[in-house]
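Colleague: next input, structure requested:
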Amino acid sequence: MQLRKLASTAVGALLAGATLAVPALGASLDDLPSPFVSDGEADFTIVVGADANAADIVGAVDIAARLGGETVTTESAAAGEGQEDVELGEVLSTEFGTTLDDDDVGVLQDTSIGFDSENWDVHDEIRLASTGPALETSLSSNEEDYKAAPVMEITAKGDIAYYYLFDEAINLSARVDSDTELEIDFLGKQLTISSITDADTMKAQVGEEIDLDAGESATVEGKVVTLIQTSSSDAKIDVDGTTGVIAEGSTKTVNGLEIKVDTIFDDEGSVDDSAILIVGEDAEKTYDNNDEYIDFCSTTGGDDDCDEDNPDWVWVLNGLTTLQKGDVTAGGGPTIGIQNDFVQDANTKEPLLEGETLWLPHDFAKIAFEDLVADDFVKVTIEFNDAIDVSDADFGGINFGTSEDGFLITADVEESLVLEDLASGWNASYITADVSTEKIALILNESAMAIQVFYWDTNNDEVLAGNLSILQGADALAAGLDRFGFVDFKDTTGSTRMPLALNISNESADNQFFLGFMNNDTEVADEATDDLFIQMGTAALIDRGTGTAAFDSLGPVVDDSETGELLYGRSSNSTAPNTLKVGTRDEDQLTAYGVKVGDPDSNGASDKVILWVPGDRQEGRITIGSSATVTAAGERSGQITTSVSKLDTETTAESEGNLILVGGPCANSLVAQLADADKYGWTCDESVALGGSGYTIEIVEDAFADGQVALIVAGQNADDTRDAASRVQTFDTDGLTGMSVRTGVYAA
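Modeller: All right, here's what the predicted structure looks like:
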């Protein structure tokens, strides 16, 4: 009984559930986990013998554990949403485009409506400006308080807009009136326009529409509205004890609520009386271009101080008197839309952070900063050191000391720094191919008029890689940016990602050497603006070979942070760093590439800079659309919730969908049945006669019914069966191929 209980409960718990489907023919071991798991659904019953050895059941549990946790690939964004990975420092429209329609966001429409006895083609769209919103950082936006968290800035009013547009010419002012109201699906809500005054003015219903029979009530704005009765021309209405009579088509305020009697239904007596009422603080309201929208505050992501006088969203109305197709240009065709009227940047309010969402009115659609893409980083430390031992790097008769002044560049991931053999900066290179390391030293040798570059090899021995020239010719400075290596971590690799370079601003003055960690991403229009430059302080002026100058600090002063010892950016046409000085910022900072700069002020006081470099250029995952759930590719999609594990004595094989049969013909009666039907190669007696050991893993098509696939996992003994099950458990790495895999006596 204990074995049977294990078979029916332990396996069943792991494989809780299956949706049965008709499998495809032509199955093989190469296709695993298909057809037993396909498109996120399980389609199998796992069967062990009623009197099976415990090892058979443990093997079945192993298979169940694998298939029960099998992952599937799903879409990166659910229906109704568009999702893009946006680089830091990049505007959203670079990836999404400036116009999103129903092909991009499922909640948008492209349809036709009936109006004024005609059909009209219409669509709505979401617009993003070419200049914003954008993902920015503390350095790309020059806002220290952003720290190391990227944000989504909305830098201007009108960065985000929604429009409802006619696709054919229409003069709305000539068609809309109180008898011919325009009803449209606007931001997912019915918008009723009852009149148009001029090119940018309209009257729209803003109250709640309620349909009441005589004697019925509804609560609006906290007050009880009751229809008492109607006549052929008016309605008698009570609002919390105050009564008013309102003519059909007219509007009146009763006890603080504005009520428009839209339609009256009147029969003899009051029993069948009814009316459609528009009720609210305002039943209808006249709007001009740039007035506050009806639902003017976002539920999340808007301005914390939003109110009617300081709205998040305002109307965009123009061209309502022209006979043209709808467009979004002032002075063009009819435009009915809204746009943001708030700004979220460093000078106004805190922009959206990772995990936060901006909702359009009525929660119609969202712009969500879901998360960040890159999550692996290498820590790189750049530090002044006055005791660098490079004595083992003697080269060509040149002796080096045990306590040299210079800068150490170290990484916490092996071989994640590369000295580049063919880089432009070498004056003399002693390497014949790129060299990978996790430790580099830069030592100023004025006698040689060079910065000497050392690295530590795989034996932790220091080696001279070459010289970076200080001067070219008698008096000329070294040309601009002398590249000598790059960071090599995952996809951040090569000279087109994050090269290391030397910059010399003025060799005749102190402290004019800069070590550059550069954003050289060729996909970025002006990647130079994202460079980091570290000032390497010198003890004396360079004096053309006197040998008196040496590195002595980070920045001009030892053991102190100075604002200019860490510079951010340069113009694309210049080799010199920009003047954005960030060396005394006292919070972690972030570049547009995604490099986190650890607390410059604190680290600078110890003459070091600490960087966390991502394994690829950092991007933010942005979703624009409705509230549908996003499922990342490769995640578990749906759980199995009904038992599919059975004993052979309780199984009706032909009705079970696909089968996984654990145990040979002596242990599992279903395998014995397949052997009797010549669909499996060995009966119980034949298996016993084989003797020895071994196992077989076999696919059987049309096992007990047309289209049914069985997977047989059988061994000569219980331990062999368990070994076979273990191999099925690791099918993706264990070389299962073809219709069968056989070992031992089964392979003879």
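Colleague: from the contact counts, what lies against the top helix by length along the chain?
Modeller: When the chain is parsed with DSSP state H, its longest helix is helix 54-68. Applying 3 or more Cβ pairs under 8 Å, 6 or more residues apart in numbering; DSSP states H and E, we find helix 54-68 packed against helix 11-14, strand 45-48, strand 659-662, helix 718-729. All C-beta atoms are positioned from the backbone trio N, CA, C, and that covers glycine.
Colleague: which elements pack onto the longest one?
Modeller: Under the contact criterion of 3+ Cβ pairs under 8 Å, 6+ apart, helix 718-729 touches helix 54-68, strand 695-701, strand 709-715.
Colleague: out of these, deepest packed?
Modeller: By mean neighbour count, with neighbours taken as mean count of other Cβ atoms under 10 Å, strand 709-715 ranks first of the helices and strands packed on helix 718-729 at a mean of 27.
Colleague: now do the SS call for the residue lying closest to residue 705 once chain neighbours are set aside.
Modeller: Nearest residue to residue 705, sequence neighbours excluded (Cβ to Cβ, 6 or more residues apart in numbering): residue 654, at 4.4 Å. Classification of residue 654 by DSSP: H, G, I helix; E, B strand; the rest coil places it in helix.
Colleague: tell me if I'm right that residue 654 and residue 710 touch.
Modeller: No - the criterion here is Cβ atoms under 8 Å, and residue 654 misses it with residue 710 at 11.1 Å.
Colleague: for the helix or strand hosting residue 500, the distance to its chain's centre please.
Modeller: Counting by DSSP states H and E, the element that carries residue 500 is strand 499-504. A distance of 33 Å separates the centroid of the chain from that of strand 499-504, by Cα atoms, centre = their mean, to the nearest Å.
Colleague: name the next helix or strand following that strand along the chain.
Modeller: Sequence order places strand 513-517 as the next helix or strand after strand 499-504, per DSSP H and E.
Colleague: so which elements touch that following strand?
Modeller: Using 3+ Cβ pairs under 8 Å, 6+ apart, the elements in contact with strand 513-517 are strand 499-504, strand 532-538.
Colleague: can you name the residues in contact with the helix or strand that the longest one is followed by?
Modeller: Toward the C-terminus, strand 532-538 is succeeded by strand 551-554 as the next helix or strand (DSSP H and E). Counting by Cβ atoms under 8 Å, 6 or more residues apart in numbering, the neighbours of strand 551-554 from elsewhere in the structure are 382-384, 386, 405-407, 442-444, 513, 534-539, 558-559, 565, 604, 607-609.
Colleague: buried ones in stretch 307-315?
Modeller: 311, 312, 313, 314, 315 (16 or more other Cβ atoms under 10 Å).
Colleague: what's the overlap in contacts for residue 654 and residue 710?
Modeller: Joint contacts of residue 654 and residue 710 (Cβ under 8 Å, 6+ apart) are residue 704.
Colleague: so where's the stretch 251-400 of the chain uncertain?
Modeller: Counting by pLDDT under 70, the stretch 251-400 of the chain shows low-confidence ranges at 267-271, 396-397.
Colleague: tell me which stretches of the stretch 101-250 of the chain form helices.
Modeller: With DSSP state H, counting those that start in this stretch as the criterion, the stretch 101-250 of the chain has no helices.
Colleague: which parts of it are strands?
Modeller: For the stretch 101-250 of the chain, strands defined by DSSP state E, counting those that start in this stretch occupy the ranges 110-115, 118-128, 134-136, 151-153, 160-166, 182-186, 189-198, 201-205, 208-213, 217-220, 223-230, 234-239, 242-247.
Colleague: tell me which of those strands lies nearest to residue 338.
Modeller: Proximity to residue 338 (Cβ to Cβ) singles out strand 160-166 among those, at 5.3 Å.
Colleague: the closest one vs strand 118-128, what angle?
Modeller: Angle, strand 160-166 to strand 118-128, by axes from the mean of the first three to the mean of the last three Cα atoms, to 10 degrees: 160 degrees.
Colleague: which elements pack onto strand 160-166?
Modeller: Other helices and strands packing on strand 160-166, by 3+ Cβ pairs under 8 Å, 6+ apart, are strand 118-128, strand 335-340.
Colleague: need the winner for burial among the ones you listed.
Modeller: Buried most deeply of the helices and strands packed on strand 160-166, by mean count of other Cβ under 10 Å, is strand 335-340, with a mean of 24.
Colleague: rewinding a little: max pairwise distance over the buried residues of stretch 307-315: which two?
Modeller: Across the buried residues of stretch 307-315 (Cβ to Cβ), the longest gap, 12.5 Å, separates 312 and 315.
Colleague: kindly reformat the helices and strands packed on strand 513-517 as a markdown table containing distance to residue 55, mean pLDDT and mean neighbour count.
Modeller: What follows is those, written out as a markdown table (distance: least, Cβ to Cβ, whole Å; pLDDT from 0 to 100; neighbours: other Cβ atoms under 10 Å):
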| stretch | distance to residue 55 | mean pLDDT | mean neighbour count |
| --- | --- | --- | --- |
| strand 499-504 | 58 | 82 | 24 |
| strand 532-538 | 60 | 88 | 25 |
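Colleague: residue 352: which of those strands is closest?
Modeller: Using Cβ to Cβ, the nearest of the helices and strands packed on strand 513-517 to residue 352 is strand 532-538, at 25.6 Å.
Colleague: run me through the strand neighbours of the closest one, direction for each.
Modeller: strand 513-517 (antiparallel), strand 551-554 (antiparallel), strand 566-568 (antiparallel) (DSSP bridges).
Colleague: which non-adjacent residue is nearest the residue nearest to the spatial centre of the chain?
Modeller: With distances taken as Cα atoms, centre = their mean, the residue of the chain nearest its centroid is residue 621 (2.5 Å). Excluding the flanking residues, the one nearest residue 621 by Cβ to Cβ, 6+ apart is residue 370, at 4.3 Å.
Colleague: repeat that for residue 88.
Modeller: If the residues on either side of it in the chain are set aside, residue 88 comes closest to residue 592, at 4.6 Å by Cβ to Cβ, 6+ apart.
Colleague: so that neighbour: helix, strand or coil?
Modeller: coil.
Colleague: show me what stretch 93-106 is in contact with.
Modeller: Outside stretch 93-106, the residues that touch it by Cβ under 8 Å, 6+ apart are 79-82, 84-86, 108-110, 123-130, 365, 622, 624-626, 628.
Colleague: that older thread, so can I have a markdown table of the strands paired with strand 532-538 showing distance to residue 43?
Modeller: As requested, the strands paired with strand 532-538 are exported to a markdown table (distance: least, Cβ to Cβ, whole Å):
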| stretch | distance to residue 43 |
| --- | --- |
| strand 513-517 | 53 |
| strand 551-554 | 64 |
| strand 566-568 | 57 |
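Colleague: out of these, the one nearest residue 487 is which?
Modeller: From the strands paired with strand 532-538, taking Cβ to Cβ, the stretch that ends up closest is strand 513-517, at 7.5 Å.
Colleague: looking at this structure, which helix or strand is least sure?
Modeller: Confidence across the helices and strands of the chain bottoms out at helix 2-5, with a mean of 36, counting by mean pLDDT, DSSP states H and E.
Colleague: one step back: which other helices and strands contact the helix or strand hosting the residue nearest to the centre of the chain?
Modeller: Here residue 621 is covered by strand 619-625, with elements defined by DSSP H and E. Counting contacts by 3+ Cβ pairs under 8 Å, 6+ apart, strand 619-625 packs against strand 81-87, helix 92-96, strand 366-372.
Colleague: that one pairs with which strands, and in what direction?
Modeller: Applying DSSP bridges to the sheet, strand 619-625 is found paired with strand 81-87 (antiparallel), strand 366-372 (antiparallel).
Colleague: what comes up buried for the first one?
Modeller: By neighbour count with 16+ other Cβ under 10 Å, strand 81-87 contains the buried residues 81, 82, 83, 84, 85, 86, 87.
Colleague: by pLDDT, give me the weakest of those.
Modeller: Among the buried residues of strand 81-87, residue 81 has the lowest pLDDT, at 76.
Colleague: skip the chain neighbours and tell me the closest residue to that one.
Modeller: Nearest to residue 81 is residue 625, by Cβ to Cβ, 6+ apart, at 3.1 Å.
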